[in-house]
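Participant: Sequence plus predicted model, see below.
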Amino acid sequence: DKQARVKAVINNPAFPDWFFYYRIQKFLDASYVHTLKVTDYWMGFEWQHHVHGLAWLPNAPNVENLLSSSPDLVKSTKQQIIQYADKIISTINPAVLPDGSNVIDAPPPKVNPHICYKPYS
């Protein structure tokens, strides 16, 4: 029950940290390693449970070209980055109807602010 979970968190404050780390590792394994074929990554954990990271992706545009003194190279690199990101990044709002007719008026997804109450199995 909820009270037992709350008490467990209070009595074992390291457990939520471990669980957050565990979920991030599962996400990285599923999305970075298996889907995106990331060759390397770095993660910096912070609290209130969030993480910053960098990922090295195969066949990604060379971002060092953005430092070039050639405006044409910088412009073409920006375009390559946009095209690359468009291929691998997507989002969805589940409130948008399948035909897209309410895309402007669709409410943002709701998130339960009390994630510690969510049952995990």
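Facilitator: Received the coordinates, thanks.
Participant: Residue 32: neighbouring residues, count only.
Facilitator: Burial of residue 32 is recorded as 19 neighbouring residues (other CB atoms under 10 Å). Where C-beta positions appear, they are placed from N, C-alpha and C, glycine not excepted.
Participant: these two touch, right, it and residue 55?
Facilitator: Yes. Taking contacts as CB atoms under 8 Å, residue 32 lies within contact range of residue 55: 6.0 Å.
Participant: what touches both of those two?
Facilitator: Both residue 32 and residue 55 are contacted by 38, 41, under the criterion CB atoms under 8 Å, 6 or more residues apart in numbering.
Participant: Report the residue ranges of every domain in this structure.
Facilitator: Structurally, the chain divides into domains by automatic domain parsing as follows: 1-58, 59-107.
Participant: mind putting the ones you listed in CSV, mean pLDDT included?
Facilitator: Written out in CSV, the entries for these read as follows (pLDDT from 0 to 100):
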stretch, mean pLDDT
domain 1-58, 87
domain 59-107, 88
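Participant: mind listing the helices for the chain?
Facilitator: Counting by DSSP state H, the chain has these helices, from start to end: 2-11, 14-27, 71-88.
Participant: Would you mind pulling the contact partners of the last one?
Facilitator: Contacts made with helix 71-88 from outside it, assessed by CB under 8 Å, 6+ apart, are listed as 36, 57, 59, 60, 61, 62, 63, 65, 66, 68.
Participant: Which one of the residues you listed is nearest to residue 103?
Facilitator: Out of these, the one with the shortest distance to residue 103 is residue 36. That distance is 26.9 Å, counting by CB to CB.
Participant: List the contacts of the closest one.
Facilitator: Taking CB under 8 Å, 6+ apart as the definition of contact, the neighbours of residue 36 are 55, 57, 88.
Participant: repeat that with 7 Å
Facilitator: Residue 36 sits next to 57, 88 when contact means CB atoms under 7 Å, 6 or more residues apart in numbering.
Participant: for residue 41, same thing?
Facilitator: Under the criterion of CB under 7 Å, 6+ apart, the contact list for residue 41 reads 28, 32, 53, 54, 55, 56.
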